[in-house]
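Engineer: build me a structure from this.
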Amino acid sequence: MNLLTLWDFIVIIRLILVDTCPFNLNYHFDKGNIYNFVFFRGVDVILSIGVLWNSIQSYEEECLVDISKNAEILGVYNINLDEKFDSFVRDIYKHDESIAQWKIDKKLETLNSYENKNVTILFLNVNVNKTIYHKGKKREVYINSERLKNSLRNKYSKKILNYFPDNIFHMTDDENEFEKIYPIIISYLNEYNQQVDIGVQRIRKGC
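Structural biologist: Below you'll find the model as predicted:
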């Protein structure tokens, strides 16, 4: 009997997971575009969106190296938001009930002190297996995701002007936040003619 090829094995596992997972997955999947399965219980990798704000653009390459030590970078997209910068920032945080409005206003104030309005959007695979209760957000968060964000903020807060908490790097905390942010990110990338090719077309909660 012939042994299964790697591709055969991947297809079988995919069919099992899609049929039994507690989320409905709908994404591009072919031999030339194989990505980690995300958003079903029992796996330890989730897909996340990261944003390097304009405050840190002069250190972008260094940031990417640091991020790659803790996550797999699937895609990097640079856009100059110009007059739509404020709208983008507010759109990113409009679903986040854990952040007060005055903090968003202050973040915008500090980010607008930079002349450039460039942001770098990242799609990341992040290993997650443990959670911790976040007092500020009043919910469980993944330890590795928090560690990644905090390591960048701690390192680069000393290198930029007008630092304010979280005006260096933003990243989705979990599957729910990803679902809310993903269409917003895609709409801006499409508007600026950035073709997204990371293997994910739509992820919708509920099977």
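
Engineer: let me know the helix or strand that the residue positioned nearest the centre of the chain is in.
Structural biologist: For the chain, the residue nearest the mean C-alpha position is I49 (1.1 Å; C-alpha atoms, centre = their mean). Element membership of I49, judged by DSSP states H and E, is strand 45-52.

Engineer: now swap in L148 and tell me
Structural biologist: Short version, using DSSP H and E: L148 is in helix 143-156.

Engineer: what are the pairing partners of the helix or strand that comes right after that helix, and which direction each?
Structural biologist: Heading C-terminal from helix 143-156, the first helix or strand you meet, by DSSP H and E, is strand 169-171. Under the criterion DSSP bridges, strand 169-171 sits next to strand 45-52 (antiparallel) in its sheet.

Engineer: and the partner strand, what's buried?
Structural biologist: Buried residues in strand 45-52, counted by 16 or more other C-beta atoms under 10 Å: 45-52. All C-beta atoms are positioned from the backbone trio N, CA, C, and that covers glycine.

Engineer: cool, and stretch 139-147?
Structural biologist: Using 16+ other C-beta under 10 Å as the burial criterion, the residues of stretch 139-147 that qualify are 141-142, 144-146.

Engineer: straight-line length of it, end to end?
Structural biologist: Length of stretch 139-147, first residue to last, C-alpha to C-alpha, to the nearest Å: 16 Å.

Engineer: what's in contact with that stretch?
Structural biologist: Stretch 139-147 has contacts (C-beta atoms under 8 Å, 6 or more residues apart in numbering) with 46, 48, 70, 98, 126-134, 171, 173-174.

Engineer: just the buried ones from those residues, in ChimeraX syntax?
Structural biologist: In ChimeraX syntax, the buried subset of the contacts of stretch 139-147 is picked out as below (16+ other C-beta under 10 Å):
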select :46,48,70,126,127,128,171,173,174
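
Engineer: what's the closest of the contacts of stretch 139-147 to N162?
Structural biologist: M171 (20.8 Å; C-beta to C-beta).

Engineer: what's near enough to touch the closest one?
Structural biologist: With C-beta under 8 Å, 6+ apart, M171 has these contacts: 48-51, 124, 145, 148-149.

Engineer: now swap in L148 and tell me
Structural biologist: Shown in contact with L148 (C-beta under 8 Å, 6+ apart): 67, 70-71, 126, 171.

Engineer: I appreciate the help and will end here.
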